[in-house]
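**Student:** Provided below are the primary sequence and the corresponding predicted coordinates.
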Amino acid sequence: MKIICSTVVRAAKQGGIHGGLYVIDTDKEEVIHHVPYEKDFINDNERGGERGLRGISVLSDRIIVADSAGFIELDKKTFQIKRTYQDRDYFKSIHEIAFYDDHLWVTSTAHDAIVKVDLDFNTKGFWKLLGRDAPSAKQLTGKEKITAETKTENDDYHINSISVYNNGLRVAGLLTPLYDFETMKEVSPIPLNKTYQNSFVHNFYEHENMFVANLTTFSSIGMFRKGGSFGWDVIDIPRSKNVTYQVDDIAVNNWNRGLAIQEGKIIIGSSPARLLIYDIKRKEFEKEIVLEKDIRHAIHGLEILE
């Protein structure tokens, strides 16, 4: 199996490497391609900010990788950059992206919005997600079509997950349930950890007979089987022992983000940048593939390449 993933380097300085793209052969447990990312960015905080690369979409003939405010298109065979695109009117703090109905669907996280883009990177739709605070969490209540001129930068719900399931799209924020984007109806409650606490959530997906998500606050993954009555099954991610740089207020050990599911395996991204492969049936981690030992390097996007 080959995995493609992106990273963000927290606290990286302007003019230096602040992220990268990796292609990993999980059978050989080795990196077979690596592209560092050095484009100028707006240094709006000392953590992630505009640094690094984000969501990834693997198409039949190309790979599209997001950064904070745009996209890079790569040749699928050579991984050479074919073109780049930036648009700060519509995109700010992009997280995940998905390919559906011949378009890219993009989380413009700092706008609490979803953007529909064609493969020439023309914007075809722009929706703000609406919601309200709820006890210990947040709820989404609907969406409204907006323009670049009427957008806001409230980032109340931190919309970071978008994925394709059963001929539709699923969306979620940092502390929200999972929703059907078309109807904005809830399809799964927010994951809870082992002590029934809410977590910051990334990569909240519906897959076959279950829901799965990264419970980033608690360095865990959560699985909830449809029709089950026992709540979320929470699996703690082993902490990395290969840490060479420690900045607890900027970067933490085991900040898990990036997730994919393939043939009964869950592939999880974490920090310092590494992949962990969890066997669902055997209920155990079977591999850890370390990409970087500097804890500031964190996985962001992750997809199956082949």
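**Tutor:** Received it, and whenever you're ready, just let me know what you need. Just so we're clear, the structure is a prediction, and the values are computed from it rather than from any experiment.
**Student:** ranges for the strands of the stretch 201-306 of the chain?
**Tutor:** Using DSSP state E, counting those that start in this stretch, the strands of the stretch 201-306 of the chain run over residues 201-207, 210-215, 220-225, 233-236, 259-262, 265-270, 274-279, 284-290, 297-304.
**Student:** how about JSON lines for the ones you listed, with distance to residue 154 and mean pLDDT added?
**Tutor:** For the C-beta atoms, the positions are set from N, CA and C on the backbone; glycine is no exception. Output for the strands of the stretch 201-306 of the chain, formatted as JSON lines (distance: least, CB to CB, whole Å; pLDDT from 0 to 100):
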{"stretch": "strand 201-207", "distance to residue 154": "19", "mean pLDDT": "96"}
{"stretch": "strand 210-215", "distance to residue 154": "23", "mean pLDDT": "96"}
{"stretch": "strand 220-225", "distance to residue 154": "27", "mean pLDDT": "93"}
{"stretch": "strand 233-236", "distance to residue 154": "31", "mean pLDDT": "94"}
{"stretch": "strand 259-262", "distance to residue 154": "27", "mean pLDDT": "96"}
{"stretch": "strand 265-270", "distance to residue 154": "28", "mean pLDDT": "98"}
{"stretch": "strand 274-279", "distance to residue 154": "34", "mean pLDDT": "97"}
{"stretch": "strand 284-290", "distance to residue 154": "38", "mean pLDDT": "96"}
{"stretch": "strand 297-304", "distance to residue 154": "22", "mean pLDDT": "97"}
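**Student:** out of those, which gets nearest to residue 77?
**Tutor:** strand 297-304 (16.1 Å; CB to CB).
**Student:** that closest one to strand 201-207, inter-axis angle?
**Tutor:** Calculated by axes from the mean of the first three to the mean of the last three CA atoms, to 10 degrees, strand 297-304 forms an angle of 10 degrees with strand 201-207.
**Student:** circling back to that earlier point, closest one to residue 49 among the strands of the stretch 201-306 of the chain?
**Tutor:** Between residue 49 and the strands of the stretch 201-306 of the chain, the shortest gap by CB to CB is with strand 297-304, which sits at 12.5 Å.
**Student:** mind listing what's buried in that closest one?
**Tutor:** Buried positions in strand 297-304, judged by neighbour count with 16 or more other CB atoms under 10 Å: 297, 298, 299, 300, 301, 302, 303, 304.
**Student:** how about the nearest residue to the third one, chain neighbours excluded?
**Tutor:** Right, the one you point to is residue 299. Leaving aside its chain neighbours, residue 299 sits nearest to residue 269 (2.7 Å; criterion: CB to CB, 6 or more residues apart in numbering).
**Student:** returning to what we had before: who wins for proximity to residue 191 among the strands of the stretch 201-306 of the chain?
**Tutor:** Set against residue 191 and scored by CB to CB, the strands of the stretch 201-306 of the chain come closest in strand 220-225, at 3.9 Å.
**Student:** mind showing which ranges of the stretch 101-250 of the chain have poor pLDDT?
**Tutor:** The model of the stretch 101-250 of the chain has pLDDT under 70 over residues 228-230, 245-249.
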